[in-house]
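Let me see the structure of the following:
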Amino acid sequence: MAHMKYFYELTVSSSPHAHSPVTTRTVMRDVLLALLPALLGAGYFFGPRAVMVTLVSAAGCVFFEWAYRKLMKLDSTVWDLSAVVTGVLLAFVCPPTIPYWIVLLGDLFAIVLVKQLFGGIGQNFVNPALAGRAFMFSWAVHMSTWVEVGFRNGLHIFTTPDIVTAATPLAAMHQGMMPQASLWELFLGNIGGSIGETSALLLLIGFAYLLIRKVISPRIPLAFMGTVAILTFLFPRGNDRLVWMAAQLFSGGLVLGAVFMATDYVTSPVTKLGQTIFGIGCGVLTVVIRYFGGYNEGVSYAILIMNCCVMLLDRVGRPVKFGAPKKEGAR
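Next comes the predicted model:
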């Protein structure tokens, strides 16, 4: 009987051996698509200047990331779209009247100091867009000047317009008063505020898209918004606790922060328990700042504070290995 030989062609490669079509670029692309309804709404409510501010901010972030990595002789990462997302989110938390030079300074701070100096994408420990916004409050007057509803025709694209200022609903509630706008107006976004945070409806449409695409988990947003809802319902400052709770949910940057900021992969926990605690912590801090702080809004600073606790939260939420013996306490 003839001796038979078998030959197998083997391909040797390093791990990981499992591949996925999901990349940083596809994730960021989905985030941008989820933000598109809010951007279109901003153009409708505030006029073309709101869209222009967003485009300038996105372009500024891309330029500063390209320039830094070029200067440091590193591979370019602008094609992963993360800088674009940072620029859009940074613009979304600014008034539509913000001067372009302040936006570009915020871009510089967010991209170079917060993101690139810590090693680039995946290495920053706080959300770059929110850190950039906190830096931009060095010009507090520009960052807290809100236009009157329906004044969008006066917002010129290439100049800083003369505006009619108005208090936001959140500013009224900070004083313990109910907002003059109806809940329907708050939900639709026909109110004064930052470029991309006024319409809860359009932001929730983006939330649904991200859930369908499985880009984010609902755990952090629901824990965040649920905590704010429970606390404001239990401790209202208005006559109607249900209306007060709904107004707190639909006003300010709560939905934008809970859906698009707090869920950032890099600056949020990876464990399920850690994510839940993270969301609850953001909600508690938001209410505390809104009720007792000197500033009307608490979402941005609540998320930044909780970003600094992510490592601890992941240690707390780390699951126990199946079948592993429990560690004995020190004797």
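
C-alpha only now, for contacts and for neighbours.
Noted.

so what's Thr24 up against?
In this structure, Thr24 makes contact with Asp80, Leu81, Ser82, judged by CA atoms under 8 Å, 6 or more residues apart in numbering.

Just put these in CSV and tack on secondary structure.
Shown next, in CSV, are those (DSSP: H, G, I helix; E, B strand; the rest coil):
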residue, secondary structure
Asp80, helix
Leu81, coil
Ser82, helix
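
could you dump those to CSV with neighbour count?
What follows is these, written out as CSV (neighbours: other CA atoms under 10 Å):
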residue, neighbour count
Asp80, 17
Leu81, 20
Ser82, 22
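
and which of those is nearest to Phe250?
Minimum distance to Phe250 across the contacts of Thr24 is 27.2 Å, recorded for Ser82 (CA to CA).

Could you measure from that closest one over to Thr26?
10 Å (CA to CA, to the nearest Å).

try Thr145
When Thr145 is compared with Thr26 (using CA to CA), they lie 36 Å apart.

how about the nearest residue to the most centrally placed residue in the chain, chain neighbours excluded?
Centroid check for the chain by CA atoms, centre = their mean gives Met261 as the closest residue, at 2.0 Å. Setting aside the residues directly before and after it, Met261 is nearest to Asn127 in space (CA to CA, 6 or more residues apart in numbering), at 7.2 Å.

Repeat that for Pro236.
Distance criterion CA to CA, 6+ apart; nearest residue to Pro236, sequence neighbours excluded, is Trp244 at 6.3 Å.

who's in contact with the helix or strand hosting the one you found?
According to DSSP states H and E, Trp244 maps onto helix 241-250. Contact with helix 241-250 is made by 170, 178-179, 183, 186-187, 198-200, 225, 228-230, 232-238, 255, as judged by CA under 8 Å, 6+ apart.

If any of the residues you listed are buried, give me the PyMOL selection for them.
Buried residues within the contacts of helix 241-250, by 16 or more other CA atoms under 10 Å, are selected in PyMOL with:
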select buried, resi 170+178+179+183+186+187+198+199+200+225+228+229+232+233+236+237+238+255
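
Helices - which of the contacts of helix 241-250 land there?
170, 183, 186-187, 200, 225, 228-230, 232-234, 255 (DSSP state H).

what angle sits between the helix or strand hosting Ile220 and helix 241-250?
Of the helices and strands defined by DSSP H and E, Ile220 is found in helix 219-234. Helix 219-234 runs at 140 degrees relative to helix 241-250, counting by axes from the mean of the first three to the mean of the last three CA atoms, to 10 degrees.

send the alpha carbons of helix 219-234 over as PDB?
What follows is helix 219-234, C-alpha atoms only, in PDB (Å, rounded to 0.1, in the frame of the first residue of the first chain):
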ATOM      1  CA  ARG A 219     -27.500  51.800  30.600                       C
ATOM      2  CA  ILE A 220     -25.700  55.100  31.200                       C
ATOM      3  CA  PRO A 221     -28.300  57.400  29.600                       C
ATOM      4  CA  LEU A 222     -31.200  55.800  31.400                       C
ATOM      5  CA  ALA A 223     -29.400  55.700  34.700                       C
ATOM      6  CA  PHE A 224     -28.400  59.400  34.200                       C
ATOM      7  CA  MET A 225     -31.800  60.700  33.100                       C
ATOM      8  CA  GLY A 226     -33.700  58.400  35.500                       C
ATOM      9  CA  THR A 227     -31.700  59.700  38.500                       C
ATOM     10  CA  VAL A 228     -32.400  63.300  37.500                       C
ATOM     11  CA  ALA A 229     -36.100  62.400  37.000                       C
ATOM     12  CA  ILE A 230     -36.400  60.700  40.400                       C
ATOM     13  CA  LEU A 231     -34.600  63.400  42.400                       C
ATOM     14  CA  THR A 232     -36.400  66.400  40.800                       C
ATOM     15  CA  PHE A 233     -39.800  64.600  41.300                       C
ATOM     16  CA  LEU A 234     -39.100  63.900  44.900                       C
END
